[in-house]
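In: need a structure here:
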Amino acid sequence: MPLGNKKTKKTIKKKNQKIIKENVAKLKKKLTFFFQHFSNKFVLRKKKIGRKQTIKKVAKKKFQMQKKHWILVGISLLIVAIGFQIFGISKIKGATFGWIQTDWSGGADLNAKANHTSDQSSWNKFFSKDVNVDTSGGEVKLARINVSSVTTTDSDFNAGTKTKTFVSGTGNAGAVYAQKNDGVACSTNPECISNICLLSKCISPCTTSTICGASCAFGGLVYGTLTAEDGRCWLDRNLGASRVATATNDSLAYGSLYQWGRASDGHQLIASWDNSIGTPVNGTTSILSSTDAPGNSNFILASGDWRSPKNLNLWQGVDGINNPCPPGFRLPTITEWQTYITAASVTNADSFYSSQLKILRSGKRLSTDGSVQLATFFGYYWSSSLSSGWDKDWAACNVFFYDGGVYPNAKPDGSCDGGSERANGQPVRCIHD
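Out: From the prediction side, this is the model:
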């Protein structure tokens with residue numbers, strides 16, 4: 001290596017060392033100035049001569065603390081700078097992202113979840129525990145489920161203390177309504193508090209406490225009650241009649257034709273009338289009954305009594321075994337018939353119809369062959385009384401009338417002299433007990 005080059009290098013080295021010494025001297029000078037300047041800021045002017053030394057000590061102590069603080073700050077900044085170089089902290093970036101989902105065609109999924117970094121544009125499912133979700137409108141909402149179930153019945157709702165409500169419909173279509181009072185329009189029995197809907201109106205059943213003048217329901221028909229000329233309370237129509245008589249030949253007011261002593265078991269029903277001839281609902285039988293209830297709806301053909309052996313207590317009073325009248329009502333005795341006829345001045349068929357009870361010539365059903373006839377010609381109305389005359393073994397008292405007269409044939413002892421065969425079918429008009 002040439003000598004010139006060696007001298008040149010030494011010269012440069014000495015020059016650099018000189019520069020370093022000068023820079024160190026300058027740095028020391030600056031640091032000395034910095035420390036002097038910084039210390040002067042914390043020297044408090046003495047206000048009193050006796051406290052001068054104390055103030056200098058406090059200032060010096062504060063300076064030492066500030067000096068340590070700045071040293072720590074410097075070290076921390078150095079560590080941070082080294083960290084950025086070593087770990088590449090300067091390359092760390094913060095990032096957030098999101099997306100608006102408009103496609104829900106994937107449906108509900110109980111397990112799969114979106115991997116957001118890869119499904120930002122292709123994810124089309126939604127996480128749900130209920131598959132009955134409607135997404136057709138571009139939004140997630142619960143779908144209506146048109147399913148009905150019956151959890152109870154009408155009788156469940158109306159049982160127990162729920163006596164003033166009724167149920168209409170079942171399942172989702174069912175509803176509970178307040179029941180209606182008497183006289184209010186109705187279409188079915190459950191709508192009414194009385195549970196009776198007749199002629200499109202709610203009506204109470206006939207009871208022992210029914211007030212005279214009121215209407216009540218019995219046996220599927222509506223009956224009125226009235227105080228007649230004798231001061232007694234009677235039904236306003238024959239038992240089984242659909243209405244009060246509007247004319248002397250009003251077949252809808254004829255009513256049923258009972259065999260004396262039988263209950264309302266169907267034997268008494270008349271389907272229709274053609275002038276004076278009626279068509280019964282049920283047929284006949286020649287077999288006599290050995291019990292108070294024959295057990296069938298046939299009209300029993302007999303000469304005298306339909307029952308063998310006979311029972312004369314079947315229609316006696318409201319507690320009669322087979323009393324066919326509404327609760328609180330019964331068949332009138334022959335004496336009570338006589339009292340009414342006298343009070344109403346009844347003398348023939350026309351005056352009977354003109355009275356408040358509007359009694360009609362309703363004919364009879366013959367015990368011999370079961371035919372229904374004689375309506376508009378003759379009237380035969382049963383009483384609860386029995387004959388005490390020559391026919392006492394097979395006859396009961398009745399009121400017989402026609403255009404020429406009225407014959408109750410009542411006797412002072414409450415019986416009658418001459419009556420009608422108990423196997424005949426005749427009208428019944430009830431009186432309040």
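In: host element of the spatially most central residue of the chain?
Out: Nearest to the mean C-alpha position of the chain, by CA atoms, centre = their mean, lies Val176 at 2.3 Å. Using DSSP states H and E, the element containing Val176 is strand 175-178.
In: which residues sit against stretch 363-377?
Out: By CB atoms under 8 Å, 6 or more residues apart in numbering, the residues outside stretch 363-377 that reach it are 248-249, 251, 254, 257, 259, 270, 273, 275-280, 283-284, 299, 301-304, 306, 361-362, 378-380, 402, 420-421, 423-426. C-beta coordinates here come from the backbone N, C-alpha and C atoms, glycine included.
In: for the stretch 151-300 of the chain, what spans make up the strands?
Out: 165-168, 175-178, 197-198, 201-202, 215-218, 221-227, 233-235, 258-259, 270-274, 277-280, 284-285, 299-300 (DSSP state E, counting those that start in this stretch).
In: Report the strands that pair with the longest one, each with its relative direction.
Out: The reference is to strand 221-227. If you go by DSSP bridges, strand 221-227 pairs up with strand 215-218 (antiparallel), strand 233-235 (antiparallel).
In: So what's the gap between it and the chain middle?
Out: The chain centroid and the centroid of strand 221-227 are separated by 34 Å under CA atoms, centre = their mean, to the nearest Å.
In: Gly171: how many residues sit nearby?
Out: Counted with other CB atoms under 10 Å, the neighbours of Gly171 add up to 11.
In: Tell me the confidence at it?
Out: In this model, Gly171 is scored at 71, pLDDT.
In: list the contacts for Pro205?
Out: Residues in contact with Pro205 (CB under 8 Å, 6+ apart) are 194, 196, 216-218, 327.
In: at 7 Å what do you get?
Out: Residues in contact with Pro205 (CB atoms under 7 Å, 6 or more residues apart in numbering) are 194, 196, 216-218.
In: doesn't Thr208 make contact with Gly328?
Out: Yes. Gly328 is within contact range of Thr208, at 3.8 Å (criterion: CB atoms under 7 Å).
In: With neighbour numbers in mind, choose between those two.
Out: Set Gly328 next to Thr208 and count neighbours by other CB under 10 Å: Gly328 wins out with 17 against 11.
In: And that one, how close does it get to Val318?
Out: 7 Å (CB to CB, to the nearest Å).
In: ends of stretch 349-360, how far apart?
Out: 7 Å (CA to CA, to the nearest Å).
In: Ala375 and Gly219, how far apart?
Out: Look at Ala375 and Gly219: by CB to CB, they are 21 Å apart.
In: ugh, wrong one, I meant Leu360
Out: Taking CB to CB, one finds Leu360 at 19 Å from Gly219.
In: cool, Gly231 as well?
Out: Applying CB to CB to Gly231 and Gly219 gives a distance of 27 Å.
In: where do the contact lists of Gly328 and Val318 overlap?
Out: Going by CB under 7 Å, 6+ apart, residues that sit against Gly328 and also against Val318 are Asp433.
In: Please name every helix or strand in contact with the strand holding Val176.
Out: strand 165-168 (3 or more CB pairs under 7 Å, 6 or more residues apart in numbering; DSSP states H and E).
In: Please point out which parts of the strand it packs on sit buried.
Out: Residues 166-167 are the ones in strand 165-168 that count as buried (16 or more other CB atoms under 10 Å).
In: Stretch 211-221 too?
Out: For stretch 211-221, a neighbour-count test (16+ other CB under 10 Å) marks 215-218, 221 as buried.
In: and what of stretch 219-237?
Out: 221-223, 225-226, 228-230, 232-237.
In: how long is that stretch end to end?
Out: Using CA to CA, the distance between the terminal residues of stretch 219-237 is 14 Å.
In: Out of the contacts of stretch 363-377, which end up buried?
Out: Buried subset of the contacts of stretch 363-377 (neighbour count, 16+ other CB under 10 Å): 249, 251, 254, 257, 259, 270, 273, 276, 278, 280, 299, 301-302, 304, 306, 361-362, 378-380, 420-421, 423-426.
In: all helices for the stretch 301-433 of the chain, in order.
Out: Secondary structure of the stretch 301-433 of the chain (DSSP state H, counting those that start in this stretch): helices located at 334-343, 349-354.
In: helices or strands next to the last one in the packing?
Out: Using 3+ CB pairs under 7 Å, 6+ apart, the elements in contact with helix 349-354 are strand 395-402.
In: CA atoms of the strand it packs on as PDB?
Out: This file holds the C-alpha atoms of strand 395-402, laid out as PDB (Å, rounded to 0.1, in the frame of the first residue of the first chain):
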ATOM      1  CA  ALA A 395    -164.000 -43.600  32.600                       C
ATOM      2  CA  ALA A 396    -162.500 -40.200  33.600                       C
ATOM      3  CA  CYS A 397    -164.400 -36.900  33.800                       C
ATOM      4  CA  ASN A 398    -164.200 -34.500  30.900                       C
ATOM      5  CA  VAL A 399    -165.900 -31.400  29.500                       C
ATOM      6  CA  PHE A 400    -168.000 -32.100  26.500                       C
ATOM      7  CA  PHE A 401    -169.400 -29.300  24.400                       C
ATOM      8  CA  TYR A 402    -170.700 -28.400  20.900                       C
END
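In: how about the helices in the stretch 101-250 of the chain?
Out: Under the criterion DSSP H, counting those that start in this stretch, helices of the stretch 101-250 of the chain are mapped to 154-158.
In: Around Ser351, how many other residues sit close by?
Out: 15.
In: List the contacts of Ile321.
Out: 292, 313-314.
In: No further queries at this time; thank you.
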